[in-house]
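Peer 1: curious how this folds, go ahead:
(4 chains)
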There are 2 protein chains.
Amino acid sequence: MSVPLLKNEGCPTCPIRNRAVCSRCDAGERDELDSVKFYRTVAAGDTIVLAGQTTDFVASVVTGVATQEQTMPDGRVQMVGLLLPADFIGRPGRSEASYDVVATTEMVLCCFRRRPFEQLIQQMPHIGQRLLEMTLDELDAAREWMLLLGRKTAREKIASLLTMIARRMAALDARRFTGQVTFDLPLTREAIANYLGLTIETVSRQFTNLRKDGLIVLEGKRRVHIPDLDALILETGDDTDGGMLA
Amino acid sequence: MSVPLLKNEGCPTCPIRNRAVCSRCDAGERDELDSVKFYRTVAAGDTIVLAGQTTDFVASVVTGVATQEQTMPDGRVQMVGLLLPADFIGRPGRSEASYDVVATTEMVLCCFRRRPFEQLIQQMPHIGQRLLEMTLDELDAAREWMLLLGRKTAREKIASLLTMIARRMAALDARRFTGQVTFDLPLTREAIANYLGLTIETVSRQFTNLRKDGLIVLEGKRRVHIPDLDALILETGDDTDGGMLA
DNA sequence: AGCGGTCCTTGATCCAGGTCAAGCTTTCCG
DNA sequence: CGGAAAGCTTGACCTGGATCAAGGACCGCT
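Peer 2: Predicted structure coming up:
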């Protein structure tokens, strides 16, 4: 409830202007987009999109964190994506969502009305190109996650998640790693379990193990301090020999 | 070794002309593409792209089947995609591959030289639009696979794989389901295990179980007959109540 | 301060799927 | 045709993570 409304601030001060779908657009193109755009604030816990429902907008995440998840008929849940600032919500060309999008923190969204946005994609190749690039990045991330889900142990999964969040948070901060990182986990144990294909008990136990091994320091339940990121990376299974990753 | 060379047949008789990246192109645009295009035949087992290496082409699969897989430093393997005719190989805008692409059958590829193809994307929105659409489809498929890897049982995984292949094969055949389907599995047990995040022993046992339960009939090791596709779909976990899927 | 709810941790036990081992079937050579 | 390799199946056993169960920590609320 403490997030300022951005209604009239617009693009010049937008924190994601260099990374979002619109990042390639020039001033004129941003004006065009402006005409189909509106800001929206959603509360933590709100469902932004429901699988199987149609939505009449697409959006960029300006601030906050959301999850994308699929639910099986018997209630099993798998998270399939984490949405951080600059990420895109919705699929142009298809109005029916294939998974739920749920805010895990309060969020500010930069929404575009679907139909006109779809038309603008045709007219303004800068948007389509950026969207293609972002979608390809997401596909790469999804495939890395498939490796995690299919082949990694519980400990490797937790280490991978912490490493990934540390990297993405650091990238948003526009600072580089110093080897030490501290951040607030934007996910509950349940969300983590659903992301990693584990139960919350196993998540909890592995956090405890990593803590006992000195790889992480927990301050409260949510704040995580990583004293040596390279040491944690060694636990992800991605890197057997201690060298640098690609 | 029995695949005819398509060198001079070209687009008019191309079996994937309505589904590939180029499917939106008009005659003139196809002529442009033609100038950067070459056909290539690869043998079963050949590695088409190696993770971490740069490739100077992108391609459409014309005939045959390939797998995309990631390997961990200690040798664990996870398949992250199955490439059937019309699917696209390579990532425009990045020459370094992030996973291996391996032919599982003999294949014919329609290759485009990377640099000029990337330029054509800028000039010809029809290609970029189709590529975006195909990439979004792949992303949806990857996320469905994440649900499978993270939350499904071994039996559900096998049933899901068979269902998926039956669907895709049927779509290629341009015939509709009659409830009965027969096809040749284009994958070894090892490839299936790597796709599903299982061991080959578990794959083998689940095949046996499904056979004993009358859900599939095996003719030799590779040919699979599904007497009642709906019954198999019930085993995928996607559908608890026997109704139709979206 | 007391109370109910949500979230997290820890322990005890179980079991699906992994591991190890043996043998079978098919293919493909010479 | 015979022999070897590759791929598949089956059995016996083991174990990592799930399940079941109990309680602890930290809210916000009255």
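Peer 1: break down chain A into its strands, ranges please.
Peer 2: Secondary structure of chain A (DSSP state E): strands at A:37-42, A:47-49, A:57-63, A:66-71, A:77-83, A:88-89, A:100-103, A:107-113, A:181-184, A:217-219, A:223-226.
Peer 1: quick one: average confidence on the first one?
Peer 2: Model confidence over strand A:37-42, given as mean pLDDT, is 94.
Peer 1: with the fourth one instead?
Peer 2: Within the predicted structure, the mean pLDDT of strand A:66-71 is 96.
Peer 1: could I get the full set of helices for chain A?
Peer 2: A:27-34, A:114-123, A:125-151, A:154-173, A:189-196, A:200-212, A:229-234 (DSSP state H).
Peer 1: wait, which of those helices is closest to B:Ser95?
Peer 2: helix A:125-151 (13.1 Å; Cβ to Cβ). For every residue, glycine as well, the C-beta is placed using N, CA and C.
Peer 1: I'd like to check the angle between the closest one and helix A:27-34, please.
Peer 2: 70 degrees (axes from the mean of the first three to the mean of the last three Cα atoms, to 10 degrees).
Peer 1: which helices and strands does helix A:125-151 pack with?
Peer 2: Packing contacts for helix A:125-151, counted by 3 or more Cβ pairs under 8 Å, 6 or more residues apart in numbering or on different chains; DSSP states H and E, involve helix A:27-34, strand A:77-83, helix A:114-123, helix A:154-173, strand B:66-71, strand B:77-83, helix B:114-123, helix B:125-151.
Peer 1: for the ones you listed, give me CSV that also has distance to B:Ile192 and mean neighbour count.
Peer 2: Shown next, in CSV, are the helices and strands packed on helix A:125-151 (distance: least, Cβ to Cβ, whole Å; neighbours: other Cβ atoms under 10 Å in any protein chain shown):
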stretch, distance to B:Ile192, mean neighbour count
helix A:27-34, 46, 14
strand A:77-83, 21, 23
helix A:114-123, 38, 16
helix A:154-173, 23, 19
strand B:66-71, 10, 22
strand B:77-83, 9, 23
helix B:114-123, 32, 16
helix B:125-151, 12, 21
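Peer 1: give me the pLDDT for the closest residue to A:Leu185 other than its chain neighbours.
Peer 2: In this structure, A:Leu185 finds its nearest non-sequential neighbour in A:Arg222, 5.1 Å apart by Cβ to Cβ, 6 or more residues apart in numbering or on different chains. With respect to pLDDT, A:Arg222 has a value of 87.
Peer 1: please tell me how far A:Arg222 sits from A:Ala231.
Peer 2: 22 Å (Cβ to Cβ, to the nearest Å).
Peer 1: which residue of the two possesses the greater neighbour count?
Peer 2: A count of neighbours by other Cβ atoms under 10 Å in any protein chain shown puts A:Ala231 above the other of A:Arg222 and A:Ala231, at 16 against 12.
Peer 1: A:Val42 touches A:Val49, doesn't it?
Peer 2: No: look at A:Val42 against A:Val49 with Cβ atoms under 8 Å: they stay out of range, at 10.7 Å.
Peer 1: where are the low-confidence patches of chain A?
Peer 2: For chain A, applying pLDDT under 70 flags the ranges A:1-9, A:172-178, A:240-246.
Peer 1: how near is A:Gly237 to chain B?
Peer 2: Separation of A:Gly237 from chain B (Cβ to the nearest Cβ, to the nearest Å): 6 Å.
Peer 1: could you tell me how many residues sit around that residue?
Peer 2: 21.
Peer 1: what's the answer for A:Ala44, then?
Peer 2: 15.
Peer 1: now do the contacts for it.
Peer 2: By Cβ atoms under 8 Å, 6 or more residues apart in numbering or on different chains, the residues touching A:Ala44 are A:103-106.
Peer 1: what's the answer for A:Gln123, then?
Peer 2: By Cβ under 8 Å, 6+ apart, the neighbours of A:Gln123 are A:Glu32.
Peer 1: in the sheet, which residues pair with the residue nearest the centre of chain A? Tell me.
Peer 2: The residue lying closest to the centre of chain A (Cα atoms, centre = their mean) is A:Leu83, at 2.4 Å. Here A:Leu83 sits in beta bridges with A:Ala66, going by DSSP bridges.
Peer 1: hang on, isn't it packed against A:Ala66?
Peer 2: Yes: counting by Cβ under 8 Å, A:Ala66 is a contact partner of A:Leu83 at 4.2 Å.
Peer 1: mind listing the shared neighbours of these two?
Peer 2: In contact with both A:Leu83 and A:Ala66: A:89, A:101, using Cβ under 8 Å, 6+ apart.
Peer 1: how's chain A carved up into domains?
Peer 2: A:11-148, A:153-234 (automatic domain parsing).
Peer 1: what bridges to the nearest residue to A:Gly64 once chain neighbours are set aside?
Peer 2: Distance criterion Cβ to Cβ, 6+ apart; nearest residue to A:Gly64, sequence neighbours excluded, is A:Met107 at 2.9 Å. Beta-bridge partners recorded for A:Met107 (DSSP bridges): A:Val42.
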